[in-house]
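> Predicted model follows, preceded by the sequence.
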Amino acid sequence: MSTDIDPAARLIGRTVQAVAAGIALVAIAGGLLFTWLRISASLMFTVDLVPPSDRVPRIGGPVGLESFYRTVTLIDEDASWWVRTLAWLPNALFGLLIIGGCLFVITQTNRMLRGRTFGRATTAGLTALGIASIVIAVCAPMIDAQATLVALGDLGVNVLGIPGRYDPPEVAGTDFLAPDVIGTPGQILGDTHWIVVGIGGILLLLAVVARRGERLQRDTEGLV
């Protein structure tokens, strides 16, 4: 089916494609730089800190002001390749998601400029992006938490066991770290990128709409 496209609409479509291509190139360049840094630079891990119960920050303020230590940042200058891979993977997944979204925008805009807004590729692309967004939003923080656990094990620092996670250690003068417990409701609810999950849900709804539009488009073509 041949459809004449308004010149202004064609210009807008090409502009959208150019912007999407630019974003994809920036994501690729940023991914390469990030990969190089993960390979060569020191890694930093921020973990919850559980100090002894008799130790509080000395920050002044009124008498009775309650304060406590929350986190500590560790710098691992000699991280293993496995830790570096785990620390690299979450951001790499989000980068691939951005590139995939840009490619979808480019191909879908090209279809629209040819007068075919809906098609199987549209539904499949939206479905794949929606599912990938939800999976990455949930799993990426788990991978990052696993990188922290492996790094702490390699460094040999004091790690508080799960049963006493929020209880101050009884060993006087000794600090313990309390990393996220992977897969627990608290970790999932607290670390999941819920905005990305919402975007994935919207993409899945758009996939349903696109599927319906594809059927209507076929019916319309059959009447011509």
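Now that the structure is in, tell me what you want to look at.
> what kind of secondary structure is the residue nearest to Ile39 when sequence neighbours are not counted in?
Nearest residue to Ile39, sequence neighbours excluded (Cβ to Cβ, 6 or more residues apart in numbering): Arg84, at 6.4 Å. The way it works is simple: take the backbone N, C-alpha and C, and place the C-beta from them, glycine included. The three-state label given to Arg84 by DSSP: H, G, I helix; E, B strand; the rest coil is helix.
> Neighbours of Arg84, how many?
Using other Cβ atoms under 10 Å, the number of residues around Arg84 comes to 20.
> go on, Phe176?
21.
> give the contact list for it.
By Cβ atoms under 8 Å, 6 or more residues apart in numbering, Phe176 lies in contact with Leu49, Val50, Pro51, Asn158, Val159, Leu160, Pro169.
> I'd like to know how far it sits from Ile131.
39 Å (Cβ to Cβ, to the nearest Å).
> wait, doesn't Ala79 sit right on Met44?
No - taking contacts as Cβ atoms under 8 Å, Ala79 lies outside contact range of Met44: 10.1 Å.
> now what about the longest strand seen in the chain, what contacts it?
Taking DSSP state E as the criterion, the chain has its longest strand at strand 43-50. Outside strand 43-50, the residues that touch it by Cβ under 8 Å, 6+ apart are 69-76, 79, 83-84, 87, 147-148, 151-152, 160, 165-169, 175-180.
> Give me the subset of the residues you listed lying in strands.
Thr71, Val72, Thr73, Leu74, Ile75, Asp76, Phe176, Leu177, Ala178.
> among the residues you listed, who's most crowded?
Phe176 (21 neighbours).
> Check the offset of the longest strand of the chain from the chain's centre.
Averaging C-alpha positions (Cα atoms, centre = their mean, to the nearest Å) puts strand 43-50 19 Å from its chain's average.
> Given it, what are its sheet partners and their directions?
Its sheet considered, strand 43-50 pairs with strand 71-76 (antiparallel), strand 176-178 (antiparallel) by DSSP bridges.
> Now do the contacts for Thr123.
Thr123 neighbours (Cβ under 8 Å, 6+ apart): Ala207, Ala210, Arg211, Glu214.
> which stretches of this structure form helices?
7-40, 81-113, 120-155, 185-191, 194-223 (DSSP state H).
> mind listing what's buried in the longest one?
Buried residues in helix 120-155, counted by 16 or more other Cβ atoms under 10 Å: 122-123, 125-127, 129-130, 132-134, 136-138, 140-152.
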